[in-house]
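Novice: generate coordinates for the sequence data below:
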Amino acid sequence: MSVLSELRMQPHVGGYTFWDASAGMRLALSGLVIFVLLCGANLATPLYPALQEQLSLGPMGTTVAFASYVLALLFCLVSIGHWSDHIGRRAALILAVLLGLAGSLVFASAQGLVGLCVGRALQGASVAMATGASAAALRELLPSKPQWASRFTLLASAGGVALGPLLGGLLALLPGGNATPFRVIGAVLLLLLVPLTLLRARPAIALAAPGERGRALAPRAGIIPATAGGEFWMAGLTGFLSFAIFGFVLSLAPGHLSAVFALHSLPLIGLLAGLALLSSSLVQLGNLHGRHVQSSATLALAVALLGLLIGLHYSFLSLVVLSMLLLGAGQGVAFQAAFGAAVDAVPVAEHARTVSAVYVITYLGSTLPVIGLGWAAGVFGLGVSIQVFLLGAILMALALAAVAWRSERLRIPRAGRTVES
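Specialist: A predicted model of the protein is given here:
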């Protein structure tokens, strides 16, 4: 079955036998696509200071370019995230790779803010398309091991996000400068198209009838479930705070770290920016349990933010490094616990809507606060704006920790039963 046939949502034809790959190879390809796309989407992190100077962007321009990715990701998660159910996982992954390839090439050749925003938006669309298709493909390939499928998805996505900044800094040292990382990732994506195109596709799980194809691909709003309660809002707000912090770490933090500590090594700047993401991804590979794990992790997040604030103010590099590691670990455990509680609190039929709604709120954290920080940096100065931003994040983390602790206390079993909040 050809890719064009899949895109037309035509019935599966069994005569297409170019490469009937094993389940293991399909697992590797599905994970590799989302890994490479997310790695490519975060290559720019250590390059933002140089891009600010070369293109006269300023802090506001940097945050707008960064937010373009998140806004496109949000829009496409809602509008096209379900397409792989109807056109097939293979076709959706090919579309994602093509969008990522276009985004990398546009970003590499950008001569101003508009070009950067278009490139970042295409990257966001590619990640949105691949997220659902890759996760669903992994789940279908491991039907009896859903936890392993989730962990494999996490490892591929979090690993790509964490490796991107470091790889961007290293590749920028090669001839071609800032454009080289995006050309290299573009070449990798081009190579990925070969096995994906040759792969024998599996039938789509929800092939629409000829008269219903347009309706099947129509956007679906991520409506908040009617049964959503405190657990849902706890997960959404924890995610919002987490991604606001990560948005700062991936956009304005590299330039500020470079200025505060007189760093000129792009790989080192990328490594520092990626420490929190790496720490977060590693702790989420485990499965921590405990009555007060959510409140403790959120409190650790607040402590890490305070350490980061002090380390930046007094130029303590070792404290910044430790704070970044603790920040990622606290965020990873807190979000994992809150997210799991939100999904467990709703009926099975509401799981998909709950997940979508939580991530819509979560990704908003990478847009509104980060754009606000960029605006404030242009008006009041970057140093002062970052201090106010971190203080606000600390207060929000402490408030969430208090709410989580109260909720955990009310769930302590008493006399053989559980008291619900």
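
Novice: sketch out the strands for this protein, chain order is fine.
Specialist: 413-414, 417-418 (DSSP state E).

Novice: so what's residue 161 up against?
Specialist: For residue 161, the contacting residues are 38, 39, 41, 42, 274, 277, 281, by CB atoms under 8 Å, 6 or more residues apart in numbering. Any C-beta I mention is one placed from the backbone N, CA and C, and that applies to glycine too.

Novice: dump these to JSON lines, plus pLDDT, distance to residue 82 and neighbour count.
Specialist: Formatted as JSON lines, the entries for these read as follows, by pLDDT from 0 to 100; distance: CB to CB, whole Å; neighbours: other CB atoms under 10 Å:
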{"residue": "38", "pLDDT": "92", "distance to residue 82": "20", "neighbour count": "24"}
{"residue": "39", "pLDDT": "93", "distance to residue 82": "25", "neighbour count": "24"}
{"residue": "41", "pLDDT": "91", "distance to residue 82": "21", "neighbour count": "26"}
{"residue": "42", "pLDDT": "90", "distance to residue 82": "25", "neighbour count": "24"}
{"residue": "274", "pLDDT": "84", "distance to residue 82": "31", "neighbour count": "28"}
{"residue": "277", "pLDDT": "85", "distance to residue 82": "27", "neighbour count": "27"}
{"residue": "281", "pLDDT": "80", "distance to residue 82": "26", "neighbour count": "22"}
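
Novice: identify the farthest-apart pair in those residues.
Specialist: 41 and 281 (14.9 Å; CB to CB).

Novice: what number of residues lie near the closest residue to residue 376 other than its chain neighbours?
Specialist: Setting aside the residues directly before and after it, residue 376 is nearest to residue 385 in space (CB to CB, 6 or more residues apart in numbering), at 4.0 Å. The number of residues packed around residue 385, counting by other CB atoms under 10 Å, is 21.

Novice: run through the residues that contact residue 385.
Specialist: In this structure, residue 385 makes contact with 59, 373, 376, 377, judged by CB under 8 Å, 6+ apart.

Novice: residue 117 too?
Specialist: Counting by CB under 8 Å, 6+ apart, residue 117 touches 64, 65, 68.

Novice: which of those residues count as buried?
Specialist: Burial by neighbour count, judged by 16 or more other CB atoms under 10 Å, picks out 64, 65, 68 from those.

Novice: okay if I get those residues as JSON lines plus distance to residue 329 and pLDDT?
Specialist: Rendered in JSON lines, the data for the buried ones among the contacts of residue 117 read as follows (distance: CB to CB, whole Å; pLDDT from 0 to 100):
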{"residue": "64", "distance to residue 329": "30", "pLDDT": "88"}
{"residue": "65", "distance to residue 329": "29", "pLDDT": "88"}
{"residue": "68", "distance to residue 329": "29", "pLDDT": "91"}
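
Novice: for residue 112, state which of those residues is nearest.
Specialist: Residue 112 lies nearest to residue 65 out of the buried ones among the contacts of residue 117, by CB to CB, at 10.2 Å.

Novice: follow-up on the earlier one: now, which of the contacts of residue 385 lie within helices?
Specialist: Assigned to helices by DSSP state H, the following of the contacts of residue 385 qualify: 59, 373, 376, 377.

Novice: grab the nearest non-local neighbour of the second one.
Specialist: Spatial nearest neighbour of residue 373, excluding adjacent residues (CB to CB, 6+ apart): residue 389 at 5.1 Å.
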